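Engineer: What follows is a predicted structure for the sequence shown.
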Amino acid sequence: MKKVREVPKLIPSNVKRSNLNQPDFFAFCEKSTGAVQFRTEPSADLNYTVERMAGLLAMQCLVRGSDPEDFDVLIAAEQAFAKQLLSRAKELLEQEATGDRARTENWFKKYAVMPPELAAALAKGSDIPVDVDPDFDFHPPVH
């Protein structure tokens, strides 16, 4: 009798791709360079997609002599999210270009808030001296 390792289903097979707002592709990039090494498209069966992607990644690792941890997976954003993100970035650039101080101040009031935990952690290190006058020469000299 041959033992076979059973892989649990990650997502029920009756869940269709269209119901999950799944991305159009996945890109695998080397962490060290950021270069895309390969990409793959998902199928309707998400468990199959995971198995196929894992197999492709394993093959790439064998060929390159690398580990799966040497790669990052980039996932394409949903169209509506991407459009909203690009639109908002354009608004911020317009706000900066026109010098709209009121809009900028409102933005900072809303988003430039430091969580209390971070403020407390930074306060603990406030007595650490900072060397603002380096005691060494720059080569070539900085003017």
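Structural biologist: Thanks, I have the structure now.
Engineer: Quick one: the helices in this structure, in order.
Structural biologist: Ranges of helices in the chain, per DSSP state H, are 46-64, 79-98, 101-111, 116-124.
Engineer: among these, which is nearest Phe26?
Structural biologist: Comparing those against Phe26 with C-beta to C-beta, the closest turns out to be helix 46-64 (6.4 Å). Backbone N, C-alpha and C define where each C-beta goes, glycine included.
Engineer: Would you mark the buried spots in the closest one?
Structural biologist: Judged by neighbour count (16 or more other C-beta atoms under 10 Å), helix 46-64 contains these buried residues: 46-47, 49, 53, 56-57, 60.
Engineer: Off-centre distance for it?
Structural biologist: The gap between where helix 46-64 is centred and where its chain is centred comes out at 20 Å by C-alpha atoms, centre = their mean, to the nearest Å.
Engineer: that older thread, I'd like the helices of the chain laid out as CSV, including mean pLDDT.
Structural biologist: As requested, the helices of the chain are arranged in CSV below (pLDDT from 0 to 100):
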stretch, mean pLDDT
helix 46-64, 88
helix 79-98, 85
helix 101-111, 85
helix 116-124, 88
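Engineer: Centroid-nearest residue for this protein?
Structural biologist: Compute the mean C-alpha point of the chain, and by C-alpha atoms, centre = their mean the closest residue is Leu74, 7.1 Å away.
Engineer: Would you confirm that that one contacts Phe26?
Structural biologist: Yes - Leu74 lies in contact with Phe26 (C-beta atoms under 8 Å); the separation is 7.1 Å.
Engineer: okay, now Phe71: neighbour count?
Structural biologist: The number of residues packed near Phe71 is 20, by other C-beta atoms under 10 Å.
Engineer: bridging residues for it?
Structural biologist: Beta-bridge pairing of Phe71, defined through DSSP bridges, involves Glu30.
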